[in-house]
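> Sequence and computational prediction follow.
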Amino acid sequence: MAISQARELGLDLVEVAPTSEPPVCRIMDYGKWLYEQKRKIRESHKKSQHHNLSLKEVRLRPVTDQHDLSIKLNHAREFLEKGHKVQFTVFFRGRQLQHKEQGYALLEQATEFLQDLAKVERPSRLANKRMTLLLVPK
């Protein structure tokens, strides 16, 4: 194939091995080759992504309403079904800290709701003004 024919077809002269003696060149569609290389990299990332489990956080307050809590628990259920870890965090402000039992009750409710899908990796504990609970899929 002549170089003029290659130009008409949209092909490029690509140097494949510049260090060899003499340098090796190939006539090919360089844009297509780059595209295929990116596709291969993207596919390999998709396959390895199943091993990357991320941590999802669900934030609550001790005064969170029952309806809002049920919505957040349903989101947590979706995260667990996809294989993510879920951390529940209850934030306390001011005098709310005197009623820690409300936070423990919320986290206990979350544990009961998700017990069919998840197990407790780190139980409820209070650190400063936040209470956390970590659940992992079974």
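Sure, I can see it. Residues are numbered from 1 along each chain as shown.
> rest of the way, CA atoms for contacts and neighbours
Fine.
> in what helix or strand does residue 119 lie?
For residue 119, the host element (DSSP states H and E) is strand 118-127.
> center of this protein - which residue?
residue 54 (4.8 Å; Cα atoms, centre = their mean).
> Verify the stated contact: that residue with residue 85.
Yes. Taking Cα atoms under 8 Å as the definition, residue 54 is a contact partner of residue 85 at 6.4 Å.
> Just give me how far the one helix or strand residue 87 maps to sits from the chain centre.
Residue 87 belongs to strand 85-91 when assigned by DSSP H and E. On the basis of Cα atoms, centre = their mean, to the nearest Å, strand 85-91 sits 16 Å off its chain's mean C-alpha point.
> residues near residue 115, how many?
Neighbour count of residue 115, defined by other Cα atoms under 10 Å: 14.
> My reading is that it lies in a helix. Confirm?
No. Going by DSSP: H, G, I helix; E, B strand; the rest coil, the assignment for residue 115 is coil, not a helix.
> when you give positions from now on, start the count at 574
OK, 574 is where the count begins now, so the last one is residue 688.
> Pull up the gap between it and residue 680, please.
12 Å (Cα to Cα, to the nearest Å).
> repeat for residue 638
Residue 638 sits 14 Å away from residue 680, taking Cα to Cα as the criterion.
> Which one's more surrounded, these two?
Using other Cα under 10 Å, the more surrounded residue of residue 638 and residue 680 is residue 680, with 23 against 10.
> what is the rounded mean pLDDT of stretch 660-671?
What stretch 660-671 shows for mean pLDDT is 90.
> ok, now stretch 644-652?
On average, stretch 644-652 scores 92.
> Distance from the helix or strand where residue 680 lies to the middle of the chain?
Under the criterion of DSSP H and E, residue 680 resides in helix 673-686. In this view, helix 673-686 has its centroid 26 Å away from the chain centroid, taken as Cα atoms, centre = their mean.
> follow-up on the earlier one: who's in contact with the residue nearest to the centre of the chain?
When contacts are counted by Cα atoms under 8 Å, 6 or more residues apart in numbering, residue 627 touches 657, 658.
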